[in-house]
Each structure stands twice: as structure tokens, then as C-alpha cells.
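**Student:** quick check, what structure comes out for this input:
(one chain, ligands or ions: 3)
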Amino acid sequence: MSETLTTVPAVSTTTPPAGERKGLTKKEIAADHPTWCPGCGDFSVLALYFKLIEKRKMWHEKITTVAGIGCSSRFPYFVQAHGAHFIHGRALPFASGISLSRPDLHVFVFGGDGDAFSIGGNHFNHTARKNVKMTYCVMDNWVYGLTKKQTSPTSPLGFKSKTDQWGAVDYPINPMKQAIAAGATFVARTTHTNPNHVLQMMEAAMDHDGFSFIECLSECVEFYEGAFDSSNPRKGGVFNEVPKTHDVTDELAAYKLAGEPFPGSFGIFYKSNKPTKNAKEAEINKSFQSKVTGLKDWQILQKNFDRMK
Ligand SMILES: Cc1ncc(C[n+]2csc(CCOP(=O)(O)OP(=O)(O)O)c2C)c(N)n1
Ligand code: SF4
Ligand SMILES: [Mg+2]
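**Tutor:** Ligands and ions are numbered 1, 2, ... in the order given. The predicted structure follows:
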């Protein structure tokens with residue numbers, strides 16, 4: 001395959017010329033009233049997604065919001081635009097199909113820690129390594145919220161839940177380390193208690209040409225209250241941004257940051273520019289389409305079957 005890959009049409013997120021369509025307002029993009037518990041961190045993530053859409057002047061037909069199953073995964077219900085509340089753990093393959101077939105859309109995927117790293121763990125690794133263009137925001141609350149308090153892959157040791165009455169004994173995964181090791185080309189960390197920072201990370205993730213992953217701490221006030229207090233200055237904690245000297249292209253340095261004890265650092269840990277699966281497939285399509293110019297669909301299919309004989 002050639003090194004210079006076909007450029008996939010850029011997502012149209014710029015301001016339209018005067019007199020043309022305006023971007024959506026929060027009112028136009030908000031659907032049903034969210035059914036989350038009062039105080040749930042997920043409200044903040046949704047509000048910032050609306051803000052992102054408003055700020056970047058995106059239109060309904062240019063965005064799609066996908067999720068798996070969980071409290072956090074109810075997200076697409078609350079967005080008045082195209083999207084899907086899909087199968088538990090299977091949001092990423094579904095989103096990959098959209099991303100690869102519709103390069104004009106920006107695909108946003110939201111979900112929880114259980115959805116992403118437990119049942120959907122394999123899909124997370126493979127979507128990251130394939131570098132499929134999309135933004136994946138995991139609203140990490142360290143627990144299964146929807147099903148009322150089971151241990152999740154990010155629950156810390158000793159966490160008492162319905163599945164670990166005496167405290168969790170399994171070592172938790174580190175989402176940041178996992179994303180970097182899997183090959184994600186944009187890896188960032190934020191928390192629902194810092195709205196400006198969430199928006200900043202969402203914007204940077206959206207602008208990244210590749211698989212962009214955000215771990216967003218999002219407190220479950222019902223089943224893990226206070227989990228992230230030590231990262232919240234309003235609760236006596238500390239919010240440390242990634243040091244200005246950090247080189248985001250340095251994978252080892254990113255891995256080191258990811259290993260800091262909680263609350264660790266917030267910001268972009270890792271970013272690299274690698275051709276996306278989207279661009280590679282577009283290149284293949286372009287080169288093969290030239291070989292079938294003028295043929296009808298059935299003739300192309302017939303050629304394929306003949307070749308398989
Ligand atoms: C195949 C399948 N297995 C299990 C479930 C039950 N289930 C629904 S949501 C969920 C976990 C949700 O946890 P998380 O992804 O962390 O989301 P949260 O509710 O915490 O936002 C589970 C186990 C399901 N819906 N489908
Ligand atoms: S159970 Fe937890 S995660 Fe689910 S809506 Fe309530 S506070 Fe949010
Ligand atoms: Mg969860």
C-alpha cells in the first residue's frame with residue numbers, strides 16, 4: 001500500500017458563511033429529560049457534549065452518538081440527533097461501521113467502565129489498534145451503576161459491592177495504560193467536576209484524526225459516593241493538570257503518567273499521528289473502484305465469484 005493515503009473528507013464543523021445555516025443550540029440538541037439520579041456525574045458530561053455541539057456549530061446530520069448499555073450508555077436517548085443505544089459492550093464495532101461507511105460524520109461513543117472494559121474489553125483493544133476514527137468517552141464511575149452496585153473492572157481493591165461483599169480482591173485495570181498499550185492514538189483523562197477541562201478534552205479528541213479515547217471520571221452518587229473526592233478541590237482534593245513539559249508523543253512518558261497514584265494527572269497523556277483504518281480503506285476502495293468503472297453491481301459481484309472458483 002502506498003504511504004500517501006487518500007484524505008478522507010474532513011468533518012464539516014466550521015462556521016457556515018453568513019446567511020447560511022446556523023449551528024444547533026442546546027435547546028435544539030437536548031431530547032428527553034435525563035433519567036439519571038440527581039447529582040450523577042453523567043449530567044455534566046451530557047451538558048458539555050451539548051456545549052461542544054453548540055460551540056463547534058455542528059448540525060444534526062453531521063454527528064452520531066452511540067452507546068452500549070449502562071446508566072452512562074443511556075446518553076443517546078438524551079441527544080436529539082442520530083444515534084444508537086446498542087448492545088452491552090458492542091458500541092465500538094457498531095460505531096466502527098458508521099465511521100468507516102460515513103467519513104463525513106463525527107462519531108461519538110459514550111459508555112461506562114463495565115461496558116468498555118468488561119464485556120466490551122476486546123472491542124476496546126481492537127478498535128484502538130485499528131485506529132478507527134471516532135471519539136470514545138468512557139464515563140468511569142468505578143462501579144456497575146445501572147445494575148445497582150457490582151464490582152467493575154475499575155473498582156479499586158477492597159470496594160464492597162453486591163459481587164464482593166467482603167471487598168474487591170481483583171486488581172483493577174488502568175484505563176489509561178490499557179488505551180496506550182492497545183494503540184489508541186489520542187489518550188486523555190478528565191473529570192466531570194471540571195467542566196472547562198471536559199470541554200477542552202472533548203474538543204481536542206474530536207479534532208484528532210484517529211481513535212480518540214477520554215477517560216472521564218463521573219461519580220455515581222448512588223452506589224459509589226465520594227469515589228473521586230480526592231481529585232476535586234471543592235471536596236478538599238487536588239486537580240493536577242498534565243505538566244506543561246510532558247511530551248504527548250512520548251509513549252513511555254505517557255505510560256509513566258498513567259501509573260501515578262490516584263488522583264494522578266488530568267489532560268492529554270498521549271497523541272500520535274498514524275494513518276487511520278478509514279484512510280487505508282478509502283485507499284483500497286479508490287484503487288479497486290478504478291478497476292470496475294462502468295460495471296453494474298451484479299457484474300462486480302459476478303467477477304468476485306468467478307475469482308473465488
Ligand atoms: C449481555 C449483557 N450482560 C449483562 C447485562 C447487564 N448489565 C447492564 S448494564 C451493566 C453494567 C453497567 O456498568 P457500566 O458500564 O460501568 O455503566 P454505568 O451503569 O456504571 O454507567 C450490566 C452488567 C446486559 N444488559 N447485557
Ligand atoms: S445509579 Fe449511579 S451512575 Fe446510575 S444514574 Fe444513578 S448516580 Fe448515575
Ligand atoms: Mg460504571
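**Student:** from here on, just use CA atoms for contacts and neighbour counts.
**Tutor:** OK.
**Student:** what about the strands in the stretch 151-300 of the chain?
**Tutor:** Remark: strands assigned in the stretch 151-300 of the chain by DSSP state E, counting those that start in this stretch are 186-191, 211-217, 240-241, 265-271.
**Student:** right, so of those, which gets closest to V138?
**Tutor:** Comparing these by their distance to V138 (C-alpha to C-alpha), the top pick is strand 211-217, with 5.1 Å.
**Student:** just to revisit the earlier point, reformat the strands of the stretch 151-300 of the chain as JSON lines; add distance to S72, mean pLDDT and mean neighbour count.
**Tutor:** Compiled in JSON lines, those are given as follows (distance: least, C-alpha to C-alpha, whole Å; pLDDT from 0 to 100; neighbours: other C-alpha atoms under 10 Å):
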{"stretch": "strand 186-191", "distance to S72": "14", "mean pLDDT": "98", "mean neighbour count": "27"}
{"stretch": "strand 211-217", "distance to S72": "11", "mean pLDDT": "98", "mean neighbour count": "27"}
{"stretch": "strand 240-241", "distance to S72": "25", "mean pLDDT": "98", "mean neighbour count": "14"}
{"stretch": "strand 265-271", "distance to S72": "21", "mean pLDDT": "98", "mean neighbour count": "24"}
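**Student:** which among the ones you listed is found nearest to L46?
**Tutor:** Among these, the nearest to L46 by C-alpha to C-alpha is strand 211-217 (11.7 Å).
**Student:** what about the closest one, near ligand 2?
**Tutor:** No. Strand 211-217 does not reach ligand 2 (C-alpha under 6 Å from any ligand atom); its nearest approach is 11.1 Å.
**Student:** again with stretch 75-91
**Tutor:** No. Shown here: stretch 75-91 not in contact with ligand 2 (C-alpha under 6 Å from any ligand atom), separated by at least 10.8 Å.
**Student:** next, the spatially most central residue of the chain: phi, psi?
**Tutor:** Central residue of the chain (C-alpha atoms, centre = their mean): Y136, 0.6 Å from the mean position. Here is the backbone geometry of Y136 (degrees, to the nearest 10): phi -110, psi 110.
**Student:** that one touches F213, doesn't it?
**Tutor:** Yes. Counting by C-alpha atoms under 8 Å, Y136 touches F213, with 4.9 Å between them.
**Student:** can you pull the pLDDT of the closest residue to E203 other than its chain neighbours?
**Tutor:** Spatial nearest neighbour of E203, excluding adjacent residues (C-alpha to C-alpha, 6 or more residues apart in numbering): L52 at 7.0 Å. Note on L52: pLDDT of 97.
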